[in-house]
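# The amino acid sequence is not available; the structure is as follows:
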């Protein structure tokens, strides 16, 4: 098998094995309800993780997404509470803001030649701060349009539901896969991850691509914020703290190389599902505590980093002796 | 004499920034500089800043050294939580105070050793290597506290967080003494120079006989120890270990303190004193915003603005302009040699 | 044939200055259609600079470049590519994580309905590589293929994008014989298609196998352009290395005079893939020169002697006792010192001061717990700044602000401060100005007289001859000859290198 697919295969294998183990212990977990809930509960994380996948594929990192999601939620809650603007218009406005926000971070990263880590750290503070400035209270959203949106779902055989936001996540993944593998922009993202200076020599518009990548991540974080506000029907500036870490973990467990250049958007979906599965299992078990999620995810993270390191070592070794 | 003067020149921007911030606060809050003595103990806003800034100051000490090696340690917040949990668990299960402190310190050292081995031996990028413990660490801490806030009543341990020594709160004494000790060890021995050499050019340092691997591991171990001390202070302060919130996002504040202190994220020259000033600048802003009646929400926006400002000053492009300027002034340009 | 002799590319009077050094001095160069033109010279001769001036990677300071009779002035490699000049480097400038097809069509992928038509792209990639008789899976990542295949892909991309002139910069450096043959087959086919090909290499037999004409540069000057058929190998090496091939007789001063008993002995010492096992003895107060063309194993020899690369065969002895030299630290414990060839990445610690750079090795040997006092550091620094005439306004100046020659002296001072008994110098005089050059040679002689043992690697043969008691000649990563006493002359060294080349061809 092409070693490129090895991390992805490992991810899928882990998911299938874990799911089988769950079913053996709790046969109830084999139901479309569980699957539907898995998608709904992780929809906002999944959408944000698609953006993170592009960022990481390009060799960068985006620490701001958790804050951007919270900002989006607070913005929507405040706007819908204090004005009579239609939610769709508010969605468009907030998406424009978060996209510009991402683009600005990308521009700073490229033009000031600073590490993405520290630039997006500033972005993280800024977005969270803006959310705080809007309000520090948790504001409920009772707009009838929200209720309408939440009433849409597709009923699966067996009683499970694919809700609007669960479906939206799947759609975002599908579009993400097309962008990553079937557009010139996608190829440029991989090229950046393979080596920015070589990419530049080969004619990749490095600056434009960098800005677009972070703009995309900002857009998807905004979309994720909309989904999160639909999911919780509220906006709270202290929400989704640390979501960026969950997203990074999902991307890496999904088989994407944390140093960039290799990986699949589809893998991230599996990474999300593995995280969701661990949580679902813990809920089913009832006696286990949620902290095991973090430990397990940390362990998986370590295992995948080691595996990637090993693969890299192996391919260099093979080449030298080819 | 010249060494002292160069130190002051080095620290001037941080001292000036801190002075300006403190003055601005005192304008909005006239009683700001007042310090009172009650029961042989100092009270006042300045003391409060020193006291509340203790965890970030301690973390910044280790973070400075790690960043000087061209690394970064994202796990310090999580390690704080682990060590705090260990301290609380040890003291509640009947260990003596010295034994508790030893166990806690050993835990921090072990966490640092793990990070150091990943970075130095497995050669994993620091940001990635320390991410593992950052993600898993809080879970481990919760495992130790079993998800609850583990409270205790041991007066000895509580003293670490809220006692006082020579009029100063214990946390202040601890970070001041620890900071001075580490800074002295760095500068009175050759460690400081060797670490800087390693951070600037690892290969050249290795060829000059510097034990680069050992130094790298030592830097992360020191960072782990700092996190252990900070974690102990944090639990002692609230008389309980809160695995969820102890040290939450403090790694970012610690990195920020180091960056404000003027140590480059690209490694090399470092100053622990400057990082400590950086930590105090961050705490002054926090306290100042609270005191002056501004909504605390502005805190993060101000932090973001500071980062952006420092980014612009520190960016390689701006640095390039500065180097070019100083070179052309000195009229002594290095000859570029051909690559091949 | 008339059409074959017409020039496709002409460069006249190319000058390029770098601060403190003149990298190219009024160099003329011309390339014909359907010609393979070898561009030769040692490190620092100006080959790469010339190529970079042609491809726009550097801006030339003066001179004209004509392509197909029209003057061109590309500002970067992409502009050069657009007008017809493509370049392929030794380190393949493609992206290892993309597929072969993506590498070939990055930025110009065929699209349908706005989306990349992967199938069509792969088909076109197969077609394109078919012209090079390369039948590989174009949907696999580039990194899965050997360097030779990657080179061919790089050539295919460059030719497809440019199509008039192809520059091959050391394309064969990491290829085996079979792969070189394949590559040359492709080069010949491109030549027949009418391309002008500039071929940079340090393998002389390859030059004779593939090239029609040869241009030699030395120290930024044009030495000459000759038809390959009319240029004997011996004359070519002389053009590259020595100014004139006079029979310089070695002075023999160090050889017979000061040199004492054997101090350092390496037996069957080697590392597979780097340098074949060799025997080497170095006496007290002796300079052993190491000569060989680029890529012959010069630097590898230095690295293994100093423990920067671990030997996997043989043993090292100092004063008759077997010692372990598995790391630089271990070597330093035996009083070894090493000035590496690549000063910037392996020598200087750029942001540290001159003083700190000087005391670094001594401090590392003493260990962190026994610091050298500030006063002692300053005395050491001042002593060597004076002794080696290091030109710096201040011992606290960051070393990166010094000129190349002064940086080199600081590195030398770093080792002298440790009182070494065995000093390995890899190209100590490269890339530094004439004055510093002479001073470093004088220093080598003084150190030798004081009883130090030295190994000096240099591509400046006259220099080697001046101070070496013996000269080891390297070729193809092996020690092939040792010249002693009367035999130490530029002529003999050139002969020894050429003899090997002839044998290998």
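In hand now; what should we look at? Not measured: the values here are computed from a predicted model. Numbers count the residues shown, from 1 in each chain, chains lettered A, B, ... in the order given.

# where along the stretch 151-300 of chain C do the helices fall?
Applying DSSP state H, counting those that start in this stretch to the stretch 151-300 of chain C gives helices spanning C:177-192, C:204-210, C:233-241, C:253-256, C:298-306.

# Show me how far whatever helix or strand residue B:182 lives in is from its chain's centre.
Element membership for residue B:182, per DSSP states H and E: helix B:170-188. Between the centre of helix B:170-188 and the centre of its chain there are 12 Å (C-alpha atoms, centre = their mean, to the nearest Å).

# Is whichever helix or strand comes after that helix positioned near chain C?
Counting by DSSP H and E, the next helix or strand C-terminal to helix B:170-188 is helix B:191-200. Yes - shown here: helix B:191-200 in contact with chain C (C-beta under 8 Å from any C-beta of the partner chain) through B:191, B:193-194, B:196-197, B:200. Backbone N, C-alpha and C define where each C-beta goes, glycine included.

# Which secondary structure element of the chain has the lowest mean pLDDT?
Let's take chain A. In chain A, no helix or strand scores lower on mean pLDDT, DSSP states H and E than helix A:291-320, which sits at a mean of 78.

# right idea, wrong chain: chain C
When each helix and strand of chain C is scored by mean pLDDT, DSSP H and E, helix C:253-256 comes last, with a mean of 44.

# what does the helix holding residue B:182 rub up against?
B:47, B:50-51, B:53-55, B:57-58, B:61, B:65, B:159-166, B:168, B:191-192, B:195, B:222, B:226, B:229, B:233, B:237, B:272-273, B:276, C:371 (C-beta atoms under 8 Å, 6 or more residues apart in numbering or on different chains).

# re the thing from before, give me whichever of the helices of the stretch 151-300 of chain C is most buried.
Comparing these by mean neighbour count (mean count of other C-beta atoms under 10 Å in any protein chain shown), helix C:298-306 ranks first with a mean of 24.

# Run me through the strand neighbours of the helix or strand following it, direction for each.
Toward the C-terminus, helix C:298-306 is succeeded by strand C:313-318 as the next helix or strand (DSSP H and E). Strand pairing for strand C:313-318, using DSSP bridges, gives strand C:262-271 (antiparallel), strand C:321-323 (antiparallel).

# Tell me the residue in chain C that is farthest from the middle.
Most distant from the centre of chain C: residue C:113, at 48.9 Å, with distances by C-alpha atoms, centre = their mean.

# ok, that residue - contacts?
By C-beta under 8 Å, 6+ apart, residue C:113 lies in contact with nothing.

# Model confidence for it, exactly?
Residue C:113 carries a pLDDT value of 86.

# Look up how far chain B lies from it.
38 Å (C-beta to the nearest C-beta, to the nearest Å).

# Ramachandran coordinates for that residue?
Residue C:113 adopts backbone torsions of phi 50, psi 40, taken as degrees, to the nearest 10.

# residues contacting residue 87?
Just going to use chain A. Taking C-beta under 8 Å, 6+ apart, we find residue A:87 in contact with A:76, A:80, A:143, A:145-146.

# The chain in question should be chain C.
The contact partners of residue C:87, by C-beta under 8 Å, 6+ apart, come to C:51, C:55, C:77, C:80, C:158, C:166-167, C:169.

# quick one: which helix or strand includes it?
Take DSSP H and E as the rule and residue C:87 turns out to sit in strand C:85-88.

# is it true that residue C:372 lies in a strand?
No - under the criterion used here (DSSP: H, G, I helix; E, B strand; the rest coil), residue C:372 is coil, not part of a strand.

# before we move on, back to that, which stretch in the helices of the stretch 151-300 of chain C is the model least sure about?
The minimum mean pLDDT among the helices of the stretch 151-300 of chain C belongs to helix C:253-256 (a mean of 44).

# List the buried residues in stretch C:22-34.
C:23-25, C:27, C:29-34 (16 or more other C-beta atoms under 10 Å in any protein chain shown).

# CSV for those residues, including distance to chain A, pLDDT and secondary structure?
Formatted as CSV, the buried residues of stretch C:22-34 follow (distance: C-beta to the nearest C-beta, whole Å; pLDDT from 0 to 100; DSSP: H, G, I helix; E, B strand; the rest coil):
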residue, distance to chain A, pLDDT, secondary structure
C:23, 21, 82, strand
C:24, 22, 88, strand
C:25, 28, 88, strand
C:27, 24, 91, strand
C:29, 23, 93, strand
C:30, 27, 92, strand
C:31, 22, 93, strand
C:32, 28, 93, strand
C:33, 27, 90, coil
C:34, 28, 91, coil
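
# overlap between those residues and the residues near chain B?
residue C:23.

# Please tabulate the buried residues of stretch C:22-34 in JSON lines, including the columns distance to residue C:453.
Compiled in JSON lines, the buried residues of stretch C:22-34 are given as follows (distance: C-beta to C-beta, whole Å):
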{"residue": "C:23", "distance to residue C:453": "35"}
{"residue": "C:24", "distance to residue C:453": "38"}
{"residue": "C:25", "distance to residue C:453": "38"}
{"residue": "C:27", "distance to residue C:453": "40"}
{"residue": "C:29", "distance to residue C:453": "43"}
{"residue": "C:30", "distance to residue C:453": "48"}
{"residue": "C:31", "distance to residue C:453": "47"}
{"residue": "C:32", "distance to residue C:453": "51"}
{"residue": "C:33", "distance to residue C:453": "55"}
{"residue": "C:34", "distance to residue C:453": "53"}
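
# Which pLDDT does the model give residue B:196?
Residue B:196 is given a pLDDT of 94.

# what ranges of the stretch 201-350 of chain C fall below the confidence cut-off?
Residues of the stretch 201-350 of chain C meeting the criterion pLDDT under 70: C:242-259.

# ok but residue C:107 is inside a strand, no?
No - according to three-state DSSP, residue C:107 belongs to no strand; its state is coil.

# ok, now which ones touch it?
Contacts of residue C:107 (C-beta under 8 Å, 6+ apart): A:184, A:188, A:202-204.

# What residues does the residue of chain A found nearest chain B make contact with?
Residue nearest to chain B within chain A: residue A:298 (2.2 Å; C-beta to the nearest C-beta). For residue A:298, the contacting residues are B:132-133, B:135-137, B:139, by C-beta under 8 Å, 6+ apart.

# And for the residue of chain B found nearest chain A, the neighbour number?
Distances between chain B and chain A by C-beta to the nearest C-beta are smallest at residue B:136, namely 2.2 Å. A total of 25 residues lie near residue B:136 under the criterion other C-beta atoms under 10 Å in any protein chain shown.

# Please, where are all the helices along chain A?
Using DSSP state H, the helices of chain A run over A:6-25, A:32-41, A:43-57, A:65-82, A:87-111, A:116-134, A:144-151, A:164-182, A:184-194, A:196-201, A:206-232, A:243-253, A:265-285, A:291-320.

# any idea which of the ones you listed is most buried?
helix A:43-57 (a mean of 29).

# tell me what that one is packed against?
Using 3 or more C-beta pairs under 8 Å, 6 or more residues apart in numbering or on different chains; DSSP states H and E as the contact criterion, the elements in contact with helix A:43-57 are helix A:65-82, helix A:164-182, helix A:184-194, helix A:206-232, helix A:243-253, helix A:265-285.

# what residues are up against the nearest residue in space to residue A:79 that is not next to it in sequence?
The shortest distance from residue A:79 to any non-neighbouring residue, by C-beta to C-beta, 6 or more residues apart in numbering or on different chains, is to residue A:90 (4.8 Å). Listed by C-beta under 8 Å, 6+ apart, the contact set of residue A:90 reads A:75-76, A:79-80.

# Which two of those have the greatest separation?
A:75 and A:80 (9.4 Å; C-beta to C-beta).
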